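My questions are about this predicted structure, shown below with the sequence.
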There are 2 protein chains.
Amino acid sequence: MNQVIDLLKKHRSIRKFKDEQLDQDTIRELVTAAQAASTSSYVQAYSILGVTDPDKKAALREISTQPYVEHNGHLFVFLMDYNRHVELSKEKGTPIDYDKTEQLIVGTVDATLAAQNLAVAAESMGLGMCYIGSLRNDMARVIEILELPKGVAPLFGMVVGRPDQEGSQKERLPFEAVYHENTYTPVAEVKDAIDSYDARISAYYKERSGGKRDDSWSDQVIGMLGKKQRLDVDQVLKGQGFLGQ
Amino acid sequence: MNQVIDLLKKHRSIRKFKDEQLDQDTIRELVTAAQAASTSSYVQAYSILGVTDPDKKAALREISTQPYVEHNGHLFVFLMDYNRHVELSKEKGTPIDYDKTEQLIVGTVDATLAAQNLAVAAESMGLGMCYIGSLRNDMARVIEILELPKGVAPLFGMVVGRPDQEGSQKERLPFEAVYHENTYTPVAEVKDAIDSYDARISAYYKERSGGKRDDSWSDQVIGMLGKKQRLDVDQVLKGQGFLGQ
């Protein structure tokens, strides 16, 4: 195993940071590493927005409910972005569309490729990070706070900073449950491996919580997917010009 | 700059590989690195499918039109995957939904985070890689070839292998056009930087093509976005149970 793979495998989300702001050189280095990731057909359908304004950070924390959205070394918000393409196309007189599901996928993939490079770059510097999917608790309000124009939508945030906790690593699904060869392996065929995994996760929670919690991975994610949440995401994206008829 | 950031910044897509197949240990190491990436609320809404069957590779090449989809060290297909959650939820008697835009975003983000870790891991081993978005040229046919059940959809592929070309690196958008602070910077304010970038990309193509081609970044991506392509993606995803009303 080489050092890079070692770094990737050691990833753990950090949710408490020292009060030490990233400097401009570090931010530029991280964004440059992010930009070096692949992009669908060179389209670069994303932007990265750094939030330093204390009022905006407090407002975003309220949406997310997580204190580390306010207290961190830097808060990045990853935006799917076709606004620049639309503006440039007006000048050239060639109208473009971004209102199909294909462009939603391209924008989400492009933003996420860049984000994961930024995450790896941050960890390689000894910084910690955590994704903030909970900005989608109120996407409309995030758009308002960050004054995002049409063609732009916030997908998730990422906090980065000097760790003030160790973080812990949660075991992933067994290899054979995630990796298939040539055809899709039905869940029934890997059910035993998932059951053992569930038992290990349940034991992990039990130990960490001193017996207060012992849900398995299945319990946890099925409970989460059972909640009807973020039902407004579709309408908010339509308001920004995505997913039109 | 550390070694990891150096690796990220040196990324270039490789589209020609030596005829040398990845062994099982390498595949397992790459998938394990992929799985170590963050996942939305621990949901792990993705699978990775390796394709080694020559007939299937030939069929996927036909969809993509790219010869390297057939000739490579290994072909991975990244799947958004709620099938396992649905199957497990049946057993528990707690029905779950994955038919909202939120779950499409979660699945796409999860698959892409894993994919980019796999890409970085591969490059750290001295392997080359290229994303294959062109599998979305005919998503329905990919589903058929790989026998994907409901709740699963192929987002993109990735070819990995021993490089048989140098590849070239295409300059990214200027930092100030991609990175915003506190509010979104309107395109008009970074138009000069984008114009200079466009001129550099045009010169790059002109030199590389011996004068046959001199389109700028704007020309290229606006032309691409102007084409109405992959209009079936929405219907195919609906057929797999995504994006219901």
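All right, it came through fine. Numbers count the residues shown, from 1 in each chain, chains lettered A, B, ... in the order given.

make it CA atoms for all contacts and neighbour counts henceforth
Fine.

Give me the number of neighbouring residues for the nearest residue to A:Arg172 once chain neighbours are set aside.
Counting by Cα to Cα, 6 or more residues apart in numbering or on different chains, B:Gln35 is the residue found nearest to A:Arg172 once chain neighbours are left out, at 6.5 Å. Close neighbours of B:Gln35, defined as other Cα atoms under 10 Å in any protein chain shown, add up to 30.

My guess is B:Gln35 contacts B:Ala114. True?
Yes - here B:Gln35 reaches B:Ala114: they are 5.8 Å apart, a contact under Cα atoms under 8 Å.

where does the residue nearest to A:Arg172 land on pLDDT?
Looking at B:Gln35, its pLDDT reads 98.

what does A:Glu176 give?
97.

can you tell me how far the residue nearest to A:Arg172 sits from B:Asp110?
Distance from B:Gln35 to B:Asp110, counting by Cα to Cα, to the nearest Å: 10 Å.

what about the closest residue to A:Thr65 other than its chain neighbours, neighbour count?
Nearest residue to A:Thr65 in three dimensions, chain neighbours excluded: A:Ser134, at 8.0 Å (Cα to Cα, 6+ apart). Each residue near A:Ser134 was counted by other Cα under 10 Å, and the total is 21.

Mind checking what secondary structure the residue nearest to A:Leu243 when sequence neighbours are not counted has?
In space, A:Leu243 comes closest to A:Asp99 once its chain neighbours are excluded; the distance is 4.6 Å by Cα to Cα, 6+ apart. Under the three-state scheme (DSSP: H, G, I helix; E, B strand; the rest coil), the conformation of A:Asp99 reads as coil.

which residues touch A:Asp99?
Residues near A:Asp99 by Cα atoms under 8 Å, 6 or more residues apart in numbering or on different chains: A:241-245.

and with 6 Å instead?
By Cα atoms under 6 Å, 6 or more residues apart in numbering or on different chains, the contact list for A:Asp99 reads A:242-244.

Among the residues you listed, name the buried ones.
A:242-243 (16 or more other Cα atoms under 10 Å in any protein chain shown).

I'd like to know which of the contacts of A:Asp99 is nearest to B:Lys57.
A:Leu243 (31.8 Å; Cα to Cα).

Which of the helices or strands spans that closest one?
Assigned by DSSP states H and E, A:Leu243 falls within no helix or strand.

Tell me, what's the model's pLDDT at it?
Predicted confidence (pLDDT) for A:Leu243: 95.

ok, it - contacts?
Residues A:99-101 are the ones in contact with A:Leu243 under the rule Cα under 6 Å, 6+ apart.

need those in JSON lines with distance to A:Ser124 and pLDDT, can you?
As requested, the contacts of A:Leu243 are exported to JSON lines (distance: Cα to Cα, whole Å; pLDDT from 0 to 100):
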{"residue": "A:Asp99", "distance to A:Ser124": "37", "pLDDT": "96"}
{"residue": "A:Lys100", "distance to A:Ser124": "37", "pLDDT": "96"}
{"residue": "A:Thr101", "distance to A:Ser124": "35", "pLDDT": "97"}
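
Now do the strands for chain A: every range, in order, please.
With DSSP state E applied, chain A shows strands at A:46-51, A:74-81, A:128-132, A:152-161, A:179-181, listed in chain order.
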